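predicted structure and sequence below. I'll ask about it afterward.
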Amino acid sequence: MALPLDLPLSEIQGLREDVPQGYVTIEATSVTGFEGATKMEIEDRFSNILSGPVVKRQGRILFDFPLEQVERLPQELRTVDNVYLLIALESGIPFQSQSTEENIKFLVEGIEKYLWKKGTSSLETSFSPRLPNTFLSDAPATDPFNWDVKMKGFDLEVVVNIDVEQVYCTLSLNKVSLFKRNIEHFGPTTLRATICSSLLRYAEITLGDIVVDPMCGGGSIPLEGALGYSQGFHLGGEIHEKAIERTRLNLQASREAQKNNLGIDVCKWDVTQIPLRDNSVDVFVTDLPFGKRSGSRTNNAMLYPKVMLSMARVVRPTTGRAVLLTQDRTSIFKALKKINPYWKN
């Protein structure tokens, strides 16, 4: 169940009927825990055209955006799983009955409040879908649709979120989740592209940085880095032959799709003895083994300190940094205590 949005409607104005039609309210969803990276990305990419604040909520970011530019959102945002256009938000819904049918009828009766015309204009701007003529008029307010329902091959996806405190309705701006990119050859622990992008966003990569994933698996992080954070050079390392082959195939597919070379390379190495010069790496970004599908928590307790000591030798002093993802909190906290002289938490 989603938490109530609790939007500051005095600042988030795209849902209000008394504001200019040039802006709509957008909901961008992200993996829980990475909302900060998504907020940073939206503010960095669109600071000159945003109207009002970028509001962070659990698993989602909300903001007002120019109607005529909404097609940019699915194309340019890299930390976002899905992008939706809000057309209705109702709080404090007085559900009176235990009957599902009666409650649904109660919701449908309020459909004339929804900003259908504004929403469909945005979709036409984004994708130019050939929507039924009745949809483009005010008919949805009076006629419960008469649309054909299709689970696949649909023209329009309407998403309604309902809980005990609120109902809000959105139109999807992307037909396929945006994390489905980059990787064609998957391994047992392949990281989704939007999480990779969030980790790289937290790394604050600058022009000329050497960015290393010392345990790259199938190459998810270096590939996302080369495609979305090309101001740095991205290097991946791995010890398993099968993983290196997957990385090579994914890299080849990306180069063919992009039709140009990418700032990326991959090496075979032992992460506990990284074969790079001292003080030569600007940023480490990696997905550590959680000890579930890969390795074990017992192994992690021994592996994590060795990995972090190996990284400490080759990272640049003072400016060097590392962004590490793990679910094994016990092992990472114990490792940080052991290598405290070399890394600041």
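Yes, it's here.

rest of the way, CA atoms for contacts and neighbours
Will do.

quick one, helices of the stretch 201-345 of the chain?
220-228, 241-258, 297-314, 329-338 (DSSP state H, counting those that start in this stretch).

single out the most deeply packed of these.
helix 220-228 (a mean of 26; mean count of other CA atoms under 10 Å).

send me that one as PDB with only the CA atoms.
The C-alpha coordinates for helix 220-228 follow below in PDB (Å, rounded to 0.1, in the frame of the first residue of the first chain):
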ATOM      1  CA  SER A 220      25.600  -3.400 -15.500                       C
ATOM      2  CA  ILE A 221      27.200  -0.600 -13.600                       C
ATOM      3  CA  PRO A 222      30.100   0.200 -16.100                       C
ATOM      4  CA  LEU A 223      27.600   0.000 -19.000                       C
ATOM      5  CA  GLU A 224      25.200   2.400 -17.400                       C
ATOM      6  CA  GLY A 225      28.100   4.700 -16.500                       C
ATOM      7  CA  ALA A 226      29.400   4.800 -20.100                       C
ATOM      8  CA  LEU A 227      25.900   5.500 -21.400                       C
ATOM      9  CA  GLY A 228      24.600   8.000 -18.900                       C
END
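
looking at the helices of the stretch 201-345 of the chain, which is closest to residue 198?
Residue 198 lies closest to helix 220-228 among the helices of the stretch 201-345 of the chain, at 10.0 Å (CA to CA).

please name every helix or strand in contact with the closest one.
Helices and strands touching helix 220-228, by 3 or more CA pairs under 8 Å, 6 or more residues apart in numbering; DSSP states H and E, are helix 193-202, strand 210-213, strand 233-238, helix 241-258, strand 264-268.

the helices of the stretch 201-345 of the chain into CSV, with extra columns for mean pLDDT?
Formatted as CSV, these follow (pLDDT from 0 to 100):
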stretch, mean pLDDT
helix 220-228, 96
helix 241-258, 91
helix 297-314, 92
helix 329-338, 92
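
so can I have CSV of these showing distance to residue 321?
Formatted as CSV, the helices of the stretch 201-345 of the chain follow (distance: least, CA to CA, whole Å):
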stretch, distance to residue 321
helix 220-228, 16
helix 241-258, 24
helix 297-314, 9
helix 329-338, 14
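
for residue 275, find the nearest of these.
Proximity to residue 275 (CA to CA) singles out helix 297-314 among the helices of the stretch 201-345 of the chain, at 8.8 Å.

residues in contact with that closest one?
Contacts to helix 297-314, defined as CA atoms under 8 Å, 6 or more residues apart in numbering, come from residues 271-274, 276-281, 284, 289-291, 328, 331-332, 334-336, 338-339, 342-343.

all strands of the stretch 1-150 of the chain, in order?
Here the stretch 1-150 of the chain has its strands, by DSSP state E, counting those that start in this stretch, at 23-29, 51-57, 60-66, 82-91.

hang on, residue 37 packs against residue 196?
No: counting by CA atoms under 8 Å, residue 37 sits too far from residue 196 to count as a contact (10.8 Å).

on that earlier part again, return the most buried member of the strands of the stretch 1-150 of the chain.
Most buried of the strands of the stretch 1-150 of the chain, by mean neighbour count (mean count of other CA under 10 Å): strand 23-29, with a mean of 25.

got the domain boundaries for the chain?
The chain breaks down by automatic domain parsing into domains covering 23-172, 193-338.

distance between the first one and the chain's centre?
Mean-position distance between domain 23-172 and its chain equals 17 Å (CA atoms, centre = their mean, to the nearest Å).

who touches both of residue 37 and residue 196?
Common contact partners of residue 37 and residue 196 (CA under 8 Å, 6+ apart): residue 79.

measure how buried the residue nearest to residue 284 when sequence neighbours are not counted is and give me the count.
Distances taken as CA to CA, 6 or more residues apart in numbering place residue 322 nearest to residue 284, at 4.4 Å, with adjacent residues excluded. By the measure other CA atoms under 10 Å, the count of residues near residue 322 is 24.

could you do residue 319 as well?
9.

surely it is in contact with residue 282?
Yes: using CA under 8 Å, residue 319 makes contact with residue 282 at a distance of 7.1 Å.

what's downstream of the lowest-mean-pLDDT helix or strand in the chain, the next helix or strand?
When the helices and strands of the chain are compared on mean pLDDT, DSSP states H and E, helix 139-142 comes out lowest with a mean of 41. The helix or strand immediately downstream of helix 139-142 is strand 158-162, counting by DSSP states H and E.

now that following strand against strand 82-91, angle please.
Between strand 158-162 and strand 82-91, the angle comes out at 50 degrees (axes from the mean of the first three to the mean of the last three CA atoms, to 10 degrees).

which residues does whichever helix or strand comes after strand 158-162 contact?
Downstream of strand 158-162, the next assigned helix or strand under DSSP H and E is strand 166-172. Residues outside strand 166-172 that contact it (CA under 8 Å, 6+ apart): 4, 82-93, 119, 156-162.

export strand 166-172 as CSV, just CAs?
This file holds the C-alpha atoms of strand 166-172, laid out as CSV (Å, rounded to 0.1, in the frame of the first residue of the first chain):
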residue,chain,number,x,y,z
GLN,A,166,-6.6,8.5,-0.5
VAL,A,167,-7.2,7.8,-4.2
TYR,A,168,-5.1,9.1,-7.0
CYS,A,169,-5.2,8.5,-10.7
THR,A,170,-2.4,8.7,-13.2
LEU,A,171,-1.7,8.1,-16.9
SER,A,172,1.4,6.2,-17.8
